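Asker: sequence and predicted structure are below.
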Amino acid sequence: MSHSNPETHVIDYRAAEQLLDARDPRGAVKLLDEVIAAHPENTAARLLRARAFFAAAQLRPAELEFQLVLEREPDNAFAHFALARTFERAGRPEQARRHFRLAAALDPQPAYLRAARFDSGD
């Protein structure tokens, strides 16, 4: 059942977003695997799949996917923040802090600044 028209992939992407919102990250990963197989250059789908991996506590796949997104979009503050949270969860605080700070430098929103501890003066 290899249906690979672009409309189907838009629908799969939206469905994957809904599955992630409904706390079914594994279901989301499955849908996104098909989208990414057909469109490996689709960074939005990769970012969503990275978030789904993270939500499923698959930290290594999440890390690799976030890093791939950042190779393509080095100034993606959200991807830095999410990668930092992945490192944090994996017990790698130094790497986490580095990416929290990159996220806050790229987009100084309160959540990123708090995570980077810029506002606590350390």
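Answerer: Arrived safely.
Asker: quick one: the helices in this protein?
Answerer: With DSSP state H as the criterion, the chain has helices at 6-21, 25-38, 43-55, 59-72, 77-89, 93-106, 110-116.
Asker: export these to TSV and append columns for mean neighbour count.
Answerer: For glycine as for every other residue, the C-beta is placed from the backbone atoms N, C-alpha and C. Formatted as TSV, these follow (neighbours: other C-beta atoms under 10 Å):
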stretch	mean neighbour count
helix 6-21	16
helix 25-38	20
helix 43-55	22
helix 59-72	18
helix 77-89	22
helix 93-106	19
helix 110-116	17
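Asker: now render those as JSON lines, adding mean pLDDT.
Answerer: Shown next, in JSON lines, are these (pLDDT from 0 to 100):
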{"stretch": "helix 6-21", "mean pLDDT": "93"}
{"stretch": "helix 25-38", "mean pLDDT": "97"}
{"stretch": "helix 43-55", "mean pLDDT": "97"}
{"stretch": "helix 59-72", "mean pLDDT": "98"}
{"stretch": "helix 77-89", "mean pLDDT": "98"}
{"stretch": "helix 93-106", "mean pLDDT": "97"}
{"stretch": "helix 110-116", "mean pLDDT": "95"}
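Asker: how much space separates A16 from L102?
Answerer: Applying C-beta to C-beta, to the nearest Å, the value for A16 to L102 is 27 Å.
Asker: please read the previous query as pertaining to L83.
Answerer: Counting by C-beta to C-beta, the gap from L83 to L102 is 9 Å.
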